[in-house]
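Visitor: let me see the structure of the following:
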Amino acid sequence: MKIVVLIARILLGLIFVVFGLNPFLKYLPMDENADGPDLSDQSDCGSTDSTETNH
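Guide: I've put the predicted structure just below:
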């Protein structure tokens, strides 16, 4: 079990290092619109007032 935990920690550490250095070294290609999804079409999402709950 100690070996499994050691391997998991090493793999997770490598994943964090690889994806953490990507913004600085730019070795993984990214889309131009990498800021996140466009939420402009969800204008009515969450528009209900908190006092209008049906409890």
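Visitor: ok, which stretches of the protein are helices?
Guide: Applying DSSP state H to the chain gives helices spanning 2-25.
Visitor: quick one: low-confidence parts of it?
Guide: 33-55 (pLDDT under 70).
Visitor: how about 90 then?
Guide: Residues of the chain that meet the criterion pLDDT under 90 lie in 23, 26-55.
Visitor: and for Leu6, the neighbour number?
Guide: 10 (other Cβ atoms under 10 Å). The C-beta positions use only the backbone N, C-alpha and C, and glycine is treated the same way.
Visitor: now Asp31. Its backbone dihedrals?
Guide: phi -70, psi 160 (degrees, to the nearest 10).
Visitor: who touches it in this structure?
Guide: Going by Cβ atoms under 8 Å, 6 or more residues apart in numbering, Asp31 touches no other residue.
Visitor: look up how far Gly20 lies from it.
Guide: Using Cβ to Cβ, to the nearest Å, Asp31 is found at 19 Å from Gly20.
Visitor: again, but for Leu11
Guide: 14 Å.
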